[in-house]
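Undergrad: model this:
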Amino acid sequence: MTSLRTLFDHSEILLSFLALVALTVLVAALLGRYLQRKITEKSTAHHIDATSFVFLKHMVVATVYFLGFGWALLTLPITSTFAHSLQLR
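TA: Residues are numbered from 1 along each chain as shown. From the prediction side, this is the model:
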């Protein structure tokens, strides 16, 4: 009974954590698709190798994941101390 009560007491925190994780995945996926489309358009129009641009795309998407998951960790009380070390200052 107490574990069920604890779960309901922290359900708002859990929902905000899951919402931030879902939003991070969605933004990263949409940004990755957009950047891939732009890289393909520009590389075919100018006949250039897109390898370095694909690397930059992966770096941008990885940064979105890193910041999004770090922000999501800030919402959890157990990981707030750890997550503060992930913040950029």
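
Undergrad: Give me the local confidence score for the most centrally placed residue in the chain.
TA: By C-alpha atoms, centre = their mean, the chain has its centre lying nearest to residue 65, at 2.8 Å. With respect to pLDDT, residue 65 scores 96.

Undergrad: Quick one: residues contacting the residue found closest to it once you drop the neighbours it is linked to in the chain.
TA: Sequence neighbours aside, residue 28 is the residue nearest to residue 65 in space, at 5.4 Å (criterion: C-beta to C-beta, 6 or more residues apart in numbering). All C-beta spots, glycine's among them, are computed from the backbone N, C-alpha and C. Applying C-beta atoms under 8 Å, 6 or more residues apart in numbering to residue 28 gives the contacts 61, 64, 65, 68.

Undergrad: distance of the residue nearest to the centre of the chain from residue 20?
TA: 12 Å (C-beta to C-beta, to the nearest Å).
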